[in-house]
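Asks: From the sequence below, what's the structure:
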Amino acid sequence: MSIWKREINLDLLNQTSKNTMIEHLQIKYSELGENYICATMPVCHFTHQPLGMLHGGASVVLAETLGSVAANFCVTEDSYCVGLDINANHVRAMRSGMVIGKATPIHLGVSTQVWQINMTDERERLVCTSRLTIAVKKHRSTKGNSTPTREML
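Replies: From the prediction side, this is the model:
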């Protein structure tokens, strides 16, 4: 059974990246299942830290991107999701190639969600594991109008 409550597909997801940090880091949504979402990010000069390895902050951007976007597709249009807390454990260095992130839900509640995001190298070795806690919020009504404002993500 699918967890998605809004229309979702890879083209739509990749279109939401225009003019964002996601586009700048060349993060591309690559796979979508009934209860997970995947994306790739290159490991190269613009995702490196000074020692020539994948920057931990870039890994966190990938994790936050996957978890936050997935969370927003798990709520109806009267709600939206924002990150509350994220942690990351960097377990393997990468110097080149593509890092692949996969976000799966641990908890999909009314007011909070918790997502597990594992990032692997192209040989499926764990590079980073992250946990993201999300707040589920309701859109505010505009004054004098009970219709909630509509925001994409």
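Asks: residue nearest the centroid of this protein?
Replies: Nearest to the geometric centre of the chain sits residue 66, at 1.3 Å (C-alpha atoms, centre = their mean).
Asks: for the nearest residue to it once chain neighbours are set aside, helix, strand, or coil?
Replies: Once flanking residues are discounted, residue 66 sits nearest to residue 103: 3.8 Å by C-beta to C-beta, 6 or more residues apart in numbering. Any C-beta I mention is one placed from the backbone N, CA and C, and that applies to glycine too. Under DSSP: H, G, I helix; E, B strand; the rest coil, residue 103 falls in the strand class.
Asks: if I read this right, residue 103 contacts residue 37, doesn't it?
Replies: Yes. Using C-beta atoms under 8 Å, residue 103 is in contact with residue 37, at 5.2 Å.
Asks: ok so, going back, which SS class is the residue nearest to the centre of the chain?
Replies: At residue 66 the chain is in helix, as set by three-state DSSP.
Asks: which residues sit in contact with it?
Replies: Contact analysis of residue 66 by C-beta atoms under 8 Å, 6 or more residues apart in numbering lists 37, 38, 39, 101, 102, 103, 115, 117.
Asks: switch to 10 Å and redo it
Replies: If you count contacts by C-beta atoms under 10 Å, 6 or more residues apart in numbering, residue 66 has them with 13, 22, 27, 29, 36-39, 101-104, 115, 117-119, 130, 132.
Asks: cool, residue 81 as well?
Replies: Neighbours of residue 81 in contact, by C-beta under 10 Å, 6+ apart: 67-75, 112-113, 115, 134-137, 153.
Asks: you'd agree it is in a helix?
Replies: No. Assessed with three-state DSSP, residue 81 is strand; it does not lie in a helix.
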